[in-house]
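Engineer: have a look; sequence and predicted model below, questions after that.
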Amino acid sequence: MASISDVAEVNPKAAGALCYQDEVAFVAMADLDSMTAIARDRERRPYGEVVKGYTAFQAGDLLLAKITPCFENGKIGQAQTSTTVAFGSTEFHVVRPQPDRVESRYLLHFLRQPWVLELGELRMTGSGGQRRVPQRFFDELEIPLPPIEEQRRIAHVLDAAEALRSKRRLVVAKLNTLIQAVFVDMFGSLDPGEARWPSVPFGSLVADRQLGIVRSAQDLSDDERWPYLRMNSIGPDGELSLHSLRRTSASPSEAERYRLSPGDLVFNTRNARDLVGKSAIFRGSEPVLFNNNILRLRFVDDVDPEWVNAALRMPPIRWQLHTRKSGTTSVFAIYFKDLATVPIPLPPTGLQHRFASLVSSVRSRMAQQDRLADRTDALLSSLRQRAFRGEL
């Protein structure tokens, strides 16, 4: 065993100076994909513009979001940038593996384990929306160190499982795209200039709303009664992942107030700028409690939640949500008072129900793929646990 700091440079100094006009890859927090664990640049900036005030790294380095809620969202990945020298968000920790001590992919898989994320959350310092994982976390975190060739073998096995997982999730994503296509065919794009029905304020559709219950990482375990839904379980594709939820305790009154029922819409009110405003429909059979960064919405009788969830993902509505975001550099919020003012064209109830019926047909196919994807997730989790116990 060795600490991360013993086998990798943590936040190394910037590489040698370039010419101020040289262009370098720039990676914003939104450019780090937590599903693929890859950070790619979508823009280049002049070296002179970023050399001060941003985080320097190199292609191949591992990037970890240090600030809440990005760290809890699993923003950990490897830099695959278009230039060797690159810069990015100030909220990245940079981990540069020593090639003779630790294989980079082996270290990446180790850092992406749920228990590592939970431990990092417990070690955060600061308050409110400015809590960060300190650099000393890497001095304390220890990793098993088999020979380099064995590390490479383990990384290869885990990479293969990760690739299978990505393929399963891609099938689900394509079925979600089909749902969006059906929506546009039935209701149009919801662009105000092309609206087929008069718009109403979003708030007029809501019959009941409730923010979730506060639970810290210390309050969660695998042994308590109530599954606890957090914001990272709401996918950007409008789907809800109930796989491997941690559990918490709750009084009878808390359980009654903060419980999700089938058909409830969950809306992520606080998150990183690119993630706040996600929504999904709860379809679980087991009662689940939900986090205080999630708003539970129930609708009036003539509004179908399936239609609302799909509408919230359409570009004109996404833009309306974007204009209502407020916050700091890392944490943004969409408050209900602002969400309630979003104008939304309201089609007849019968047409909404027809769409929901079509969604149900597509979801029957998705359910099979979801089960396969969940099994793949469980396989990857099991392989990681075995790998770092020396049993793979």
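Structural biologist: Cool, the structure landed.

Engineer: could you use CA atoms for every contact and neighbour count after this?
Structural biologist: Noted.

Engineer: list the contacts of S285.
Structural biologist: Taking C-alpha atoms under 8 Å, 6 or more residues apart in numbering as the criterion, S285 is in contact with P262.

Engineer: helix/strand/coil for it?
Structural biologist: Here S285 is coil, with the state taken from DSSP: H, G, I helix; E, B strand; the rest coil.

Engineer: need phi/psi at it.
Structural biologist: Summarising the backbone geometry of S285 under the convention degrees, to the nearest 10, its torsions are phi -90, psi -30.

Engineer: could you do P97 as well?
Structural biologist: With angles defined as degrees, to the nearest 10, P97 sits at phi -60, psi 140.

Engineer: now it, which residues is it bridged with?
Structural biologist: As for beta bridges, P97 partners with A8 under DSSP bridges.

Engineer: cool, and F267?
Structural biologist: Listed by DSSP bridges, the beta-bridge partners for F267 are S279, L295.

Engineer: quick one: it and F282 touch, right?
Structural biologist: No: taking contacts as C-alpha atoms under 8 Å, F267 lies outside contact range of F282: 10.7 Å.

Engineer: more crowded one of these two?
Structural biologist: Remark: of F267 and F282, F267 carries more neighbours, 25 against 21, as counted by other C-alpha atoms under 10 Å.

Engineer: what about the more buried one, distance to V27?
Structural biologist: F267 sits 27 Å away from V27, taking C-alpha to C-alpha, to the nearest Å as the criterion.

Engineer: same check on L372?
Structural biologist: When L372 is compared with V27 (using C-alpha to C-alpha), they lie 33 Å apart.

Engineer: enumerate every residue touching V50.
Structural biologist: With contacts defined as C-alpha under 8 Å, 6+ apart, V50 is in contact with F87.

Engineer: make 37 the starting number, not 1.
Structural biologist: Noted, 37 is the first residue going forward, which turns the last one into V86.

Engineer: quick one: it from L278, how far?
Structural biologist: Using C-alpha to C-alpha, we find V86 at a distance of 40 Å from L278.

Engineer: equivalent analysis for V302, please.
Structural biologist: For V302, the distance to L278 equals 13 Å [C-alpha to C-alpha].

Engineer: the two - which one has more neighbours?
Structural biologist: Set side by side, V302 and L278 give different neighbour counts by other C-alpha under 10 Å, the larger being at V302 (30 against 19).

Engineer: how close does the nearest residue to that one once chain neighbours are set aside get to G248?
Structural biologist: Nearest-residue entry for V302: R332, 4.7 Å, with adjacent residues in sequence omitted and distances by C-alpha to C-alpha, 6 or more residues apart in numbering. The spacing between R332 and G248, counted by C-alpha to C-alpha, is 7 Å.

Engineer: same check on V138?
Structural biologist: Taking C-alpha to C-alpha as the criterion, V138 is separated from G248 by 41 Å.

Engineer: again, but for S280
Structural biologist: S280 is 19 Å from G248, by C-alpha to C-alpha.

Engineer: so between those two, which is more surrounded?
Structural biologist: Using other C-alpha under 10 Å as the criterion, S280 and G248 rank with G248 on top: 23 against 15.

Engineer: and the helix or strand where F326 lies, what does it pack against?
Structural biologist: Assessed by DSSP states H and E, F326 sits inside strand 324-326. Taking 3 or more C-alpha pairs under 8 Å, 6 or more residues apart in numbering; DSSP states H and E as contact, the helices and strands that strand 324-326 lies on are strand 262-265, strand 295-296.

Engineer: A51 is nearest to which of the ones you listed?
Structural biologist: Between A51 and the helices and strands packed on strand 324-326, the shortest separation by C-alpha to C-alpha is 41.9 Å, and it involves strand 262-265.
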